[in-house]
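Asks: okay, sequence plus prediction incoming.
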Amino acid sequence: MSSKKLKILVTGAAGFLGSHLADKLSAQGHNIIGLDNMMGGYEDNISKKIKFHKIDCCDFSKVKEVMVGVDVVYHCAATAHEGLSVFSPYEIGKNNYLASVSIFSAAISNKVKRIIFCSSMARYGSQNYPFTEDMNPNPVDPYAIAKVAAEKTLVNLCELNKIEWVIAVPHNIIGPRQKYDDPFRNVVSIMINRMLQNKAPIIYGDGEQKRCFSYIDDCLDCLIPMLDQKNLNKQIINIGPDEEFVSINKVAEICSNITGSNLKPIYKKERPQEVKHATCSANKARKLLNYKTKVNLNDGIQKTFDYIKKRGVRPFDYNINIEINNDLTPETWKKKEI
């Protein structure tokens, strides 16, 4: 924990990861400025202890203005719709690449000390797993391509301008405050929201895709030290567990047990470009951040369920237009069946 109180800008401050991060940093006494366009967040996620601005990250002039005097930037905002990016590449590309460049440019022009960029496990694509940070990125869809392009731009600009940078690579985060009425992402939250409405979970393909899921607090334990820990400068670090590598079928089973649903999954045609098996090694985080998984998958899903049940089920909000509508587009999205 930093003893010096800093002025920190957090993007995505109404979203899942960004709101939790803003809360943690504020509790340490730092002065927090939060940005969000409210596309993927909830108003009740926003802490009253931060200075919040409803600004789109692509609005460079406004971003630059509110960033005056900022010491450190955490760029958490993203339209993290990997599957949808195949069918809405313009919107997803704009919100993940151009928005990031806007943040980086504004930060560097304001001479911030460090930029922490939350990238994605999607950077690794399809290759031997578990993924380690020394692997070359191998993005296989537009979302992943945008994230890797943002990483490369960050490094390029920071190296030129002598700004410190850190790239965090979280994967499949779950927990309270996650947007659960988004039909395009967040498999655990989608399943719970459906089950609480007495609807069966929907699974694309055979359900044997395998992932590790990260509870929000475990990710925050890695992100907080990135604020000013000196040996993290110029590092790419996977954050999240590598112990429980489970299938989507298993996730559905756990969600069913917790919700009490006995409805069998509905299987749909697999989505194009979906990576079958994806998990990251946490060894570097263990070494540099003393990372340890504190919340296992079952408990993480239970906490996510408790949040959704308390807040109340919601209809799914199709707030992103499908740009490419053809035979490859999932029927559940075209017909708004989720």
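Replies: Arrived safely, thanks for sending.
Asks: what helix or strand is the residue of the chain positioned farthest from its centre located in?
Replies: Distance from the C-alpha centroid of the chain, by Cα atoms, centre = their mean, peaks at residue 262 (29.8 Å). In the assignment (DSSP states H and E), residue 262 maps to no helix and no strand.
Asks: now it: how far from residue 256?
Replies: Relative to residue 256, residue 262 is positioned 7 Å away (Cβ to Cβ, to the nearest Å). In this view, the C-beta of every residue, glycine as well, is placed from N, C-alpha and C.
Asks: the residue nearest to the spatial centre of the chain - nearest residue in space that isn't next to it in sequence?
Replies: In the chain, the residue lying closest to the centroid (Cα atoms, centre = their mean) is residue 80, at 6.1 Å. Nearest non-adjacent residue to residue 80, counting by Cβ to Cβ, 6 or more residues apart in numbering: residue 185, 6.1 Å away.
Asks: tell me the SS of the one you found?
Replies: At residue 185 the chain is in coil, as set by DSSP: H, G, I helix; E, B strand; the rest coil.
Asks: that one and residue 79 touch, don't they?
Replies: No. Judged on Cβ atoms under 8 Å, residue 185 makes no contact with residue 79 at a distance of 9.1 Å.
Asks: show me which of these two is the more surrounded one.
Replies: Set residue 185 next to residue 79 and count neighbours by other Cβ atoms under 10 Å: residue 79 wins out with 23 against 18.
Asks: isn't there a strand covering the more buried one?
Replies: No. Per three-state DSSP, residue 79 lies outside any strand segment and is coil.
Asks: any idea how far it lies from residue 19?
Replies: Taken as Cβ to Cβ, the span from residue 79 to residue 19 is 16 Å.
Asks: for residue 286, same thing?
Replies: Applying Cβ to Cβ to residue 286 and residue 19 gives a distance of 27 Å.
Asks: more neighbours, the two?
Replies: residue 19 (26 against 13).
Asks: can you classify the more buried one as helix, strand or coil?
Replies: helix.
Asks: that one contacts residue 41, doesn't it?
Replies: Yes. Taking Cβ under 8 Å as the definition, residue 19 is a contact partner of residue 41 at 6.9 Å.
Asks: give me the common contacts of the two.
Replies: Shared contacts of residue 19 and residue 41 (Cβ atoms under 8 Å, 6 or more residues apart in numbering): 12-13.
Asks: how about the contacts made by the residue nearest to residue 80?
Replies: 80-84, 179.
Asks: go with 10 Å
Replies: Listed by Cβ atoms under 10 Å, 6 or more residues apart in numbering, the contact set of residue 185 reads 40, 79-84, 143, 178-179, 320.
Asks: out of the residues you listed, name the ones that lie in strands.
Replies: Judged by DSSP state E, the contacts of residue 185 include no members of strands.
Asks: separation between the residue nearest to residue 80 and residue 320?
Replies: Counting by Cβ to Cβ, the gap from residue 185 to residue 320 is 10 Å.
Asks: can you pull the residues that touch both of the two?
Replies: 40, 79, 81, 84.
Asks: quick one: the third one and residue 47, what's the gap?
Replies: Right, residue 81. Counting by Cβ to Cβ, the gap from residue 81 to residue 47 is 25 Å.
Asks: more neighbours: these two, which one.
Replies: residue 81 (23 against 20).
Asks: give me the pLDDT for the more buried one.
Replies: For residue 81, the pLDDT comes out at 97.
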